[in-house]
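S.K.: Take a look and give me a structure for this.
(chains A and B)
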Amino acid sequence: MATGELLRRAIRRHRGRMTAGVLVLSLHQATEAAVPVAIGIFVDRAVATGRVQPLLWCVLMMVVLFAVLSNAWKTGARQVVWAIEYETHLLRLEIAQRVLDPRGHRTGLRSGELLSIATSDAEKAALVMRAVSMGAAACTALIVSSVSLLLVDVPLGLGVLIGVPLLVLGIQALSPLLTRRTSSQQEAVAQTTALATDLVSGLRTLRGIGAQHNAAARYRRSSEATLRATLRAASTNGLQDGVTTALSGLLLAAVAGVSGWFALNGRITIGELITVVGLAQFVAEPVGTLGYASQVLAMSRASASRLASVLSAPPLTTTGTSTTIDSTQPLLAVEGVSHGTLSSLTLVLRPGESVGVLCYDPRDADALLTVIAGRAPKHTGSVLVGGTRLEELDVDAVRRTVLLERHETDLFEGTLRSNLLADAGLERVMTAAGAADLIEELDRPLADRGQTLSGGQRQRLGLARALLAEPPLLVLHDPSTAVDAVTEELLAEGLAEERAGRTTLVLTSSPALLGKMDRVVVVSDGSVVAEGIHSELAESDPAYQEAVLR
Amino acid sequence: MNLLPIAGPRATWTVLWRELRRLPVLSAVAALVITGASAAGLVAPWALGVLVDDIAGGGDRSAIARVVLLIGLAAVLAGVLTALGVTLVARVGETVLARIREQVLDRVLQLPAPVLEKVRTGDLLSRVGDDVASVAAALTEVGPSVLGAALTILLTVAGMFALDWRLGLAGLLAVPMYYLALRWYLRRSAPYYKQERVAMGERSEAIIASLRGSATVRAYRLEDRQLEKIGETSGTARDISITVFRLFSFFSSRINHAEFTGLTAILVTGFFLVREDSVSIGAVTSAALYFHRLFNPVNVVLMEFDQIQTAAAGMSRLAGVLEIEPAPEPPASPDPADASLELQVISHHYDGPEVLTEVSLRLEPGERVALVGASGAGKTTLAAIAAGVLAPSTGVVKLGGVDVRDLGEDRTRAQVALLSQEVHVFSGTLMEDVQLARPASTAEEVEAALDRVGASAWVRALPDGLNTIVGESGHPLTGAQAQQLAFARLVLADPPVAVLDEATAEAGSAGARELERASAAATAGRTTLVVAHRLTQAEQADRIVVLDHGRVAESGTHEALLASGGRYAQLWRSWTGTSTPGQPAGRTTPANAST
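M.R.: From the prediction side, this is the model:
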């Protein structure tokens, strides 16, 4: 979806509320413009005459004016805010849906960037509706002011209507300078803040080598540099404020002079003089609002284009529609595959077999996992699951058959129990995964997505989750690296028992795990160099010995 | 959890006032100039009133010329003073903020060990990050406008009273209404804002959990569950935001009522005063225009009140950090005599049961001792105590014969370094990262240190070599590379004693061997205590100490311990897979396991 279409769709989706909002907000701006006019009329008709009846009428006028003004804003702004909030929500869900598509996405964005697109960019894109409603209302205010001014006096009105926009535009000509200074200042502030959080994140590392004084000195230098950038921006800011104040004051002097002269000659009344002066001051506001609305629109477009690029990103994997997975065929047959560091690797898992793969180079393991996960669209050779090529299989059929539990265990908010996704045989499987110690804590809420758990605890939970899912083919990557030797031994035994009769592939260099596998395949320089059972390889192959007997 | 202190209003003002007094001249001039700027802004409405009177009284052209000139001059003066005033006020505010943030970070980096042990990193991070940012944003974005608006309001009220006290009083009728509106809004909105922040936090949490764990979400077909969760949390946040705005729109309406009351009161009062000839039509006009001019500044102050409150809260949290007393430097004591490390009858417990019981251990200068034990045996705690980072519940740690309590933080750190399991790559260039250990070191020294730990090959292969940006947003480093940087820092810091509690397991078997070489090179010639996460680390040590449930179970060389057939021999066989697993003795793995 293109950027413009995304923005237009936003407005279309909420056209009812938007129409109502724009109309009522325009009414509000018109009443704002009418306040100085009303002051003029009040002075002219009541204060200057001293008659009571006009006074009552004038008070009534003020009551009506402010009643309309206040209710119009309240009603209009609520409609627009409602539309913005709902649109933000819809955009956010759309992004989440796209990002979580089972076929992956080829955006190349990291999770932090995607988070900011799903939160901040979705919010900003929806602000297109604020820009449109604000802009429309400001135009109304300009029209009302213009008509009022022209009704008082045509040349005077024209003068104000040309002078004020010129003034506002002139001041905005200064703003590129301001924007540049401000953005370099914001960058400096962000850098200093990032440095502070970075140093505090590494606080224990710093304290361990006594480097806290050096770190403080580094922060002081960064803080000084930021202070200088901030002060530069502040002086530009001050200059702009000063110029705005002076120029609008001078314009007021000119308008007062001319209209004063007209009033002296009897061409306009005193009340009209007040109206003109009041409007001359007011007109700057809608003109400024138009400028601001255009900035909001630009910001919204920039965010919308980031949203659009995610929404239109192609999927990462090629999938088909076949659901034929023959359980008598090998559940995984990698035949002559070259990808990344792999060169024509062949690995076939017989049904019910457990196989350990030892890669001397961890990059081979990563490449093999990428291929098995179907995330290597450009590999040569073929990958068959139950006799059908991976690319031809329906994505859900594959996922029901093959489960890949990665080395880093992702946990979600909730409790340990909710993270394990199944209840049947929970305690047995937890024990098998070497996580018996966590059984008592199953219902404890998990803080911070399990980041407060130790690496070993997370790994064992991941293993338990994978075992509970009972997939026909389970692929594990280094499931025991953060687990101590005794527990690792227990875990290896439990894994073998739980997976008895089912197909399992474990990529690891742990002798405890390799020792429990039906067969061990050794991969070096991208292809299979040895095969056998652990104890034989450990006795006969010195390279294997060095790799596993750590 | 022990949170960091939050300063009261009085203490917060003391901190601000102390910093302001360091800039006496600048602060005074800034205050004077910004007040002058607001005062110059009052001339125009007053002069317009004079103009109205002149015309009503049938004045001549020269009267108009005088008024025009007056407004023009006031405009130029107001412009100059505004430009100067905004700049000066920013200079005062930003300088004060910079000093405070530097002091806060300095204090955080040097938190006394007992405090550091108890605070959450999240709290520290939000002080030096979010709080500093919110104070800075308030200062730069709303500070000048709010200050200017506040001054304008005060001066305008004074101006209205100068025209006529009765007109002034009429205008003041609006004040209680403004006050009530603000109080009404703040009371009602505070709980909603709190809910909104919580809801937004939950929404981000749901999104980030799905994004970070997207591989797992796909593997376990959890898309629908996660999308539902995102939809739910996002919907809740949306509904609260709409409610908050509804409240805000009522507030805004109340402000309009106040505006109406003030303006109409002035005009009606003016009507009667003009009728009895107490004031001129011009004065009434001026008063009405004055009041109309106040609409915007009053809105600025009211609308930004939230941000001002947030900034004030942030400021009191910053001042709270400054309230923590730094650890006192102990009185003079002899320097460590040699590189020995001695632990005498150490026992330790955190909030629960004892994790170390009467551990005694002496490392001779240059000796390398490995600590071995199952998860939860107390290895990491003992390492932290040996390095003087953690104070034991009972017992004494001596460096070169001197009690660490008499040495103080800085001298202890010069004597012993601790490499903990937390591996952190600092943002910035790789050279800056390593130089944190010794800022005065040259590029050659940094290279030599990297070379010693076997990192020079991959460092040279980086896009910009030593000047490659690493860390959070920089070039990604593997766990093993990050660990090598930690070793290079140790080489540069060059302490006589090193305590290593680093996890090498994540590196995979090939990387692990490389790291063991790096570790040996970095600690060569130092008295070294190693927490052995892999048994090869133990094999290379001069002596092995086996910890079991917080007690020393065995001690001796690798060969001697293997020969004795005890716990260590059992562990070794199980680890290398050369025999059946060990006895159930080592199976218990407490929840706070250190792996």
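
S.K.: Can you show me the strands along the stretch 351-500 of chain A?
M.R.: Chain-ordered strands for the stretch 351-500 of chain A, with DSSP state E, counting those that start in this stretch as the definition, fall at A:354-359, A:380-385, A:388-389, A:402-405, A:414-415, A:445-446, A:473-477.

S.K.: and these, which one is worst for confidence?
M.R.: Note on the strands of the stretch 351-500 of chain A: lowest mean pLDDT is at strand A:445-446, with a mean of 79.

S.K.: As JSON lines, the strands of the stretch 351-500 of chain A with mean neighbour count and distance to B:F250 would be great.
M.R.: For the C-beta atoms, the positions are set from N, CA and C on the backbone; glycine is no exception. Conversion of the strands of the stretch 351-500 of chain A to JSON lines gives the following (neighbours: other Cβ atoms under 10 Å in any protein chain shown; distance: least, Cβ to Cβ, whole Å):
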{"stretch": "strand A:354-359", "mean neighbour count": "24", "distance to B:F250": "66"}
{"stretch": "strand A:380-385", "mean neighbour count": "18", "distance to B:F250": "61"}
{"stretch": "strand A:388-389", "mean neighbour count": "16", "distance to B:F250": "63"}
{"stretch": "strand A:402-405", "mean neighbour count": "23", "distance to B:F250": "53"}
{"stretch": "strand A:414-415", "mean neighbour count": "14", "distance to B:F250": "38"}
{"stretch": "strand A:445-446", "mean neighbour count": "14", "distance to B:F250": "37"}
{"stretch": "strand A:473-477", "mean neighbour count": "23", "distance to B:F250": "57"}
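
S.K.: now the ones you listed in TSV, with distance to chain B?
M.R.: What follows is the strands of the stretch 351-500 of chain A, written out as TSV (distance: least, Cβ to the nearest Cβ, whole Å):
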stretch	distance to chain B
strand A:354-359	9
strand A:380-385	14
strand A:388-389	19
strand A:402-405	5
strand A:414-415	9
strand A:445-446	10
strand A:473-477	9
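
S.K.: So for A:D525, which of those sits nearest?
M.R.: Closest approach to A:D525 among these (Cβ to Cβ): strand A:354-359, 10.0 Å.

S.K.: Return the list of helices and strands in contact with that closest one.
M.R.: Counting by 3 or more Cβ pairs under 8 Å, 6 or more residues apart in numbering or on different chains; DSSP states H and E, the packing neighbours recorded for strand A:354-359 are strand A:342-349, helix A:362-372, strand A:503-507, helix A:511-514, strand A:519-524, helix A:542-548.

S.K.: So which of those has the densest surroundings on average?
M.R.: The densest packing among these, expressed as mean neighbour count by mean count of other Cβ atoms under 10 Å in any protein chain shown, is seen in helix A:511-514 with a mean of 27.

S.K.: got the contact list for whichever residue of the stretch 301-450 of chain B sits closest to chain A?
M.R.: Closest contact between the stretch 301-450 of chain B and chain A, by Cβ to the nearest Cβ, is at B:R413 (2.8 Å). Going by Cβ atoms under 8 Å, 6 or more residues apart in numbering or on different chains, B:R413 touches A:R207, A:I209, A:G210, B:G388, B:P495.

S.K.: Setting the sequence-adjacent residues aside, check what's closest to the third one.
M.R.: Closest residue to A:G210 apart from its sequence neighbours, by Cβ to Cβ, 6 or more residues apart in numbering or on different chains: B:R413 at 2.8 Å.

S.K.: Quick check, pLDDT for that neighbour.
M.R.: 88.

S.K.: Next: B:M1.
M.R.: Per the predicted model, pLDDT is 41 at B:M1.

S.K.: can you check B:A512 too?
M.R.: 69.

S.K.: Quick check: the gap between B:V142 and B:V459.
M.R.: In this structure, B:V142 and B:V459 are 46 Å apart, going by Cβ to Cβ, to the nearest Å.

S.K.: go on, B:I6?
M.R.: Distance of B:I6 to B:V459, given as Cβ to Cβ: 44 Å.

S.K.: and chain A, what are its domains?
M.R.: Taking automatic domain parsing as the reference, chain A has its domains at A:3-311, A:332-548.

S.K.: Show me the one of those domains that comes nearest B:S441.
M.R.: When these are ranked by proximity to B:S441, the top entry is domain A:3-311, at 10.5 Å, counting by Cβ to Cβ.

S.K.: still on that earlier bit, distance to A:L252 added to the strands of the stretch 351-500 of chain A, as TSV?
M.R.: Written out in TSV, the entries for these read as follows (distance: least, Cβ to Cβ, whole Å):
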stretch	distance to A:L252
strand A:354-359	79
strand A:380-385	77
strand A:388-389	79
strand A:402-405	72
strand A:414-415	63
strand A:445-446	63
strand A:473-477	73
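
S.K.: Can you read off the pLDDT for the closest residue to B:V15 other than its chain neighbours?
M.R.: With Cβ to Cβ, 6+ apart as the measure, B:A319 is the residue that lies nearest to B:V15, at 4.4 Å, once sequence neighbours are left out. For B:A319, the model assigns a pLDDT of 90.

S.K.: pLDDT (mean, whole number) over the strand or helix carrying B:A11?
M.R.: Under the criterion DSSP states H and E, the helix or strand holding B:A11 is helix B:9-20. Averaged across helix B:9-20, pLDDT comes to 90.

S.K.: got the buried residues for that helix?
M.R.: Neighbour-count burial for helix B:9-20, with 16 or more other Cβ atoms under 10 Å in any protein chain shown as criterion, is recorded at B:T12, B:V15, B:E19, B:L20.

S.K.: List the residues that contact A:S535.
M.R.: The contact partners of A:S535, taken as Cβ under 8 Å, 6+ apart, are A:G515.

S.K.: quick check, stretch A:37-50 touching chain B?
M.R.: Yes - residues of stretch A:37-50 are located near chain B by Cβ under 8 Å from any Cβ of the partner chain, namely A:I39, A:F42, A:V43, A:A46, A:V47, A:A48, A:G50.
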